[in-house]
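In: After the sequence you'll find the predicted model.
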Amino acid sequence: MRFELVITPFNEENLKLASQIGVTDIHSRYPGQTLEDLTRIQNQIESFDLKLSVIEGGLPMDDIKLGNSGRDQQIELIKKLLQNMGKAKIPILCYNWMPKDGVVRTSFEVEERGGARVSGFNIEMLKPEQHEPITITTDDQMWGNLDYFLRQVVPVAEENNVTLTMHPDDPPVSPLFGLARIMRDIEAFERLVEIVTSPSNAICFCQGTFAEMGADIPATIRRLGKHIRQVHFRDIRGVSTNFHESFHDNGQTDMLAAMRAYKEIDFDGPIRTDHVPMLEGDEEDQSTYGFGYTMLGRLHAIGYMRGLLEAVSEN
């Protein structure tokens, strides 16, 4: 497996830092419609002996997810992105099926170890009046929209040697603000990979979100293992309706057992730290890239993950 990072803010200092701590793979948000948009970022990353392996975030997909009139136009944008990724030899496109609000949190002031700040979700603290839906969807509609999408784009992904990886709903509760969230349990992911049977139709195993589901993480890694192509390595404390993020070594999951499970399934894709606590000295302005994506917490997490990998590799 290869250690991956999101670089925020995306600058040469942080790219150099990633290289220094032994990261090999980098994630980028949707860069735009052209091959030049993609290769410009790729060239900058490669100048630090790093590899752009994953495009994730900012994808133009809300009309696709909701089945709106503009979905075919957005599908064409995704197809074009897959073709550009094929030309640039970027192997993974990570997406989700959360329309509009995406990842939902109700607090960014939960204190973790030593007063480090993390995000949390408590369904009783939701304020629906701040998120009035423009539409209401059902499970059946969302599954139908997903089926429509996959049958059009998976063949294009295959042709261009790109793998689509689905990220779970975070939090995995449904509905939220009138919108059904279908990627909320293990069975949904087993259903996902059966819609179009292809190595290009796969799973992003976000440990924290599967922990929110109440899943046994090592057992679920083994259960879904042949379809896991990308991992978000993080942890939480709580349940789907009331939880908060944690340090990687301070959550409810046996992370050593999780790493051992990845070793057992011969996982060889990118694995990245995710949703790290904000440490003393971290950048306070989160407006441009979101809470939980600062660099200092990632340094701790990568060191911890490397130690876990060495431990399971020796056994």
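Out: In hand now; what should we look at?

In: Now do the helix or strand encompassing D72: which elements does it pack against?
Out: Per DSSP states H and E: D72 is located in helix 71-88. If contacts are counted by 3 or more C-beta pairs under 8 Å, 6 or more residues apart in numbering; DSSP states H and E, helix 71-88 sits against helix 35-46, strand 51-56, helix 62-66, strand 92-96, helix 139-159. C-beta coordinates here come from the backbone N, C-alpha and C atoms, glycine included.

In: just checking, R113 touches H248?
Out: No. R113 is beyond contact range of H248, at 11.1 Å (criterion: C-beta atoms under 8 Å).

In: what is in contact with these two at once?
Out: Residues touching both R113 and H248 (C-beta atoms under 8 Å, 6 or more residues apart in numbering): there are none.

In: So if I had to pick from the two, which one is more boxed in?
Out: Set R113 next to H248 and count neighbours by other C-beta atoms under 10 Å: H248 wins out with 27 against 11.

In: Double-check the more buried one against H232; I have them as touching.
Out: No. Contact criterion C-beta under 8 Å: H248 and H232 do not qualify, at 11.3 Å.

In: Let's have the helices and strands packed on helix 71-88 in JSON lines, adding mean pLDDT, mean neighbour count and distance to A261.
Out: Below are these laid out as JSON lines (pLDDT from 0 to 100; neighbours: other C-beta atoms under 10 Å; distance: least, C-beta to C-beta, whole Å):
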{"stretch": "helix 35-46", "mean pLDDT": "97", "mean neighbour count": "16", "distance to A261": "30"}
{"stretch": "strand 51-56", "mean pLDDT": "98", "mean neighbour count": "23", "distance to A261": "21"}
{"stretch": "helix 62-66", "mean pLDDT": "96", "mean neighbour count": "20", "distance to A261": "31"}
{"stretch": "strand 92-96", "mean pLDDT": "98", "mean neighbour count": "23", "distance to A261": "20"}
{"stretch": "helix 139-159", "mean pLDDT": "98", "mean neighbour count": "18", "distance to A261": "26"}
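
In: Relative to E314, which of these is closest?
Out: Of all the helices and strands packed on helix 71-88, strand 51-56 sits nearest to E314, with 26.4 Å by C-beta to C-beta.

In: Which elements pack onto that closest one?
Out: strand 2-6, strand 25-28, helix 35-46, helix 71-88, strand 92-96.

In: what residues does the second one touch?
Out: Surrounding strand 25-28, the residues in contact under the criterion C-beta under 8 Å, 6+ apart are 2-7, 10, 15, 18, 41, 45, 50-56, 94, 270, 272.

In: quick one: what helix or strand has the closest residue to E264 other than its chain neighbours in it?
Out: The shortest distance from E264 to any non-neighbouring residue, by C-beta to C-beta, 6 or more residues apart in numbering, is to R222 (6.8 Å). Here R222, judged by DSSP H and E, is contained in helix 217-224.

In: That helix - contacts with which helices or strands?
Out: Contacting helix 217-224 under the criterion 3+ C-beta pairs under 8 Å, 6+ apart are the following elements: helix 186-195, strand 201-206, helix 207-212, helix 255-264.

In: Please convert the ones you listed to TSV, extending it with distance to D37, mean pLDDT and mean neighbour count.
Out: TSV is the format used below for the helices and strands packed on helix 217-224 (distance: least, C-beta to C-beta, whole Å; pLDDT from 0 to 100; neighbours: other C-beta atoms under 10 Å):
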stretch	distance to D37	mean pLDDT	mean neighbour count
helix 186-195	29	98	16
strand 201-206	23	98	25
helix 207-212	29	98	24
helix 255-264	33	98	19
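
In: out of these, which comes closest to T294?
Out: Nearest of the helices and strands packed on helix 217-224 (C-beta to C-beta): helix 207-212, 16.5 Å.

In: Show me what that closest one is packed against.
Out: Helix 207-212 sits against helix 217-224, strand 228-233, strand 236-239, with contacts defined as 3+ C-beta pairs under 8 Å, 6+ apart.

In: okay, how far is it across stretch 102-119, tip to tip?
Out: End-to-end span of stretch 102-119 (C-alpha to C-alpha, to the nearest Å): 15 Å.

In: which residues are in contact with it?
Out: Stretch 102-119 is contacted from outside by 96, 120-123, 125-126, 170-171, 176, 244-247, 250, 275, 277-280, 286, 291-292, 297, using C-beta under 8 Å, 6+ apart.

In: Please flag which of those sit within helices.
Out: G297 (DSSP state H).

In: The residue nearest to L50 when sequence neighbours are not counted: neighbour count?
Out: Take L50 and drop its neighbours on the chain: the residue closest to it by C-beta to C-beta, 6+ apart is I26, 5.1 Å away. By the criterion of other C-beta under 10 Å, I26 has 27 neighbours.

In: So what touches the host helix or strand of Y304?
Out: Taking DSSP H and E as the criterion, Y304 maps to helix 295-313. Contacts of helix 295-313 with the rest of the structure, by C-beta under 8 Å, 6+ apart, involve 1, 3, 5, 8, 14, 17, 21-23, 116, 233, 247-249, 255-256, 259-260, 263, 271, 273, 276-279, 281-283.
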